[in-house]
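J.: Please work out how this folds:
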Amino acid sequence: MLVDNSYKLWIKEIKSYIRSQQIKAAVKVNTELLKVYWRLGSDIATHKADAQWGSKFYELLSSDLKSEFPDMKGFSITNLRNCKRFYELYSQSDIIRHQLGAELESPIFSIPWRHHTEIIAKCKTVDEALFYVNKTIENGWSRAMLLNFLDTKLYLTEGKAITNFQRLLPSPVSDLAQQTLKDPYNFDFLTIRQNYDEKELQRALTTNITKFLLELGNGFAYVGEQYRLQVGEQEFFADLLFYHLKLRCYVVIELKVEKFKPEHLGQLGFYITAIDRDVKSDADNPTIGLLICKTKDSLVAEYALGSTTLPIGISEYELNRVIPDNFKGSLPTIEEIEAKLNE
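T.: Coordinates of the predicted model:
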């Protein structure tokens, strides 16, 4: 590749900028490091460097920066390419460009670089990327948690449940409640037999309650399963009961392993009323119901919600890891395994 004077002048400027940031980086490592990566990405993109200085540009740049700053990490060929992607993705946003006018002050500099590399790799638009940046800041997500929500496509599911919250809940509670529910919910962390029923699904979810809470989202606190409600002289049992710390209300969840039917709302509405009257305190907001079905017709769900005066959301769930009912019979028993070991 041709190393001309323009490259030599540019790399000199880059080295000078990085050196000027090293003192600041000792105080605010992540923020200043991301600003270095932003500047690198900006210069590479603006100069069309890979086109201007040839196919070996990244190898040369990596070698030059490593030689000049042997104690700094992050100058690998892969990371330099990520710097360019980092700049090109977020510079599409008018909001980010406005924030960057104020001395590079933006939420994108508030999360770790390894979070950004995952977001860059998996997000198709700047709006989707910023969604995960803001969620990471708001909830303090680790990289593992971010990966989980990227894999389950939270951006596409959050706030998508069909509800009547706008009609029945006051603002801004209605907006927060809407964003709290998802559609669909991903239950792929479960392994369950093929012809499972609602009790088996409920039992599997509570056995995996930590993963279930992660899928439900931030703010849910588990209260109990088959929650007993005494109404008159009869007992009733709600599938799952949670308390949402931000909404400050109970959330009762009913599971249906079939397609949504309007009559499902009657049972859930009964539980909501019972919890409102006998469980919630005066300091709590009205109880919310969530019906999670195998499938639903969205128009039927909207019509059904139009006829109720209780706040309810309707979502679907996805579950791919099912095993045939006869699979268990083909596995050896504990006794058979022990007998083999004894032999």
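J.: My guess is residue 111 contacts residue 133. True?
T.: Yes. Residue 111 sits in contact with residue 133 when judged by CB atoms under 8 Å, with a separation of 5.9 Å. C-beta: built from backbone N, CA, C; applies to glycine.
J.: give the contact list for the nearest residue to residue 197 once chain neighbours are set aside.
T.: Distances taken as CB to CB, 6 or more residues apart in numbering put residue 257 closest to residue 197, at 6.2 Å, once the chain neighbours are dropped. By CB atoms under 8 Å, 6 or more residues apart in numbering, the residues touching residue 257 are 196, 197, 198, 201, 294.
J.: for residue 96, same thing?
T.: By CB under 8 Å, 6+ apart, the neighbours of residue 96 are 90, 106, 108, 126, 130.
J.: same question for stretch 162-171, mean pLDDT?
T.: The average pLDDT within stretch 162-171 is 95.
J.: Give me the distance from that stretch to the chain's centre.
T.: The chain centre lies 23 Å from the centre of stretch 162-171; the measure is CA atoms, centre = their mean, to the nearest Å.
J.: who's in contact with it?
T.: Stretch 162-171 is contacted by residues 174, 177-178, 181, 183, 286, 288, 296, 298, 301-302, 305-306, 308-315 when judged by CB under 8 Å, 6+ apart.
J.: For ChimeraX, write the select line for the buried members of the residues you listed.
T.: Of the contacts of stretch 162-171, the buried ones go into a single ChimeraX selection, burial set by 16 or more other CB atoms under 10 Å:
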select :174,177,178,181,183,286,288,296,301,305,308,310,311,312,313,314,315
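J.: Residue 295 - nearest residue in space that isn't next to it in sequence?
T.: The spatial neighbour of residue 295 that comes closest, neighbours along the chain excluded (CB to CB, 6+ apart), is residue 259 at 4.6 Å.
J.: What number of residues are in the vicinity of that neighbour?
T.: By other CB atoms under 10 Å, 13 other residues sit near residue 259.
J.: residues contacting it?
T.: 293, 294, 295, 296, 297.
J.: neighbour-wise, which of those leads?
T.: Ranked by neighbour count under the definition other CB under 10 Å, the contacts of residue 259 are headed by residue 296 with 23 neighbours.
J.: Look up how far residue 161 lies from the nearest residue to it once chain neighbours are set aside.
T.: Excluding the flanking residues, the one nearest residue 296 by CB to CB, 6+ apart is residue 260, at 3.7 Å. Separation of residue 260 from residue 161 (CB to CB, to the nearest Å): 12 Å.
J.: Spit out the residues that contact the two alike.
T.: Common neighbours of residue 260 and residue 161, counting by CB under 8 Å, 6+ apart, are residue 314.
J.: Residue 149 sits in which helix or strand?
T.: Assigned by DSSP states H and E, residue 149 belongs to helix 143-151.
J.: Which elements pack onto that helix?
T.: Here helix 143-151 touches helix 113-122, helix 126-139, going by 3 or more CB pairs under 8 Å, 6 or more residues apart in numbering; DSSP states H and E.
J.: now that helix and helix 126-139, what's the angle there?
T.: Interaxial angle, helix 143-151 versus helix 126-139 (axes from the mean of the first three to the mean of the last three CA atoms, to 10 degrees): 140 degrees.
J.: Tell me which stretches of the stretch 201-343 of the chain form strands.
T.: All strands of the stretch 201-343 of the chain, identified by DSSP state E, counting those that start in this stretch, fall at 220-231, 234-244, 249-259, 288-295, 312-318, 322-323.
J.: The second one: partners in the sheet, and parallel or antiparallel?
T.: In this case it means strand 234-244. Looking at strand 234-244 with DSSP bridges, its partner strands are strand 220-231 (antiparallel), strand 249-259 (antiparallel).
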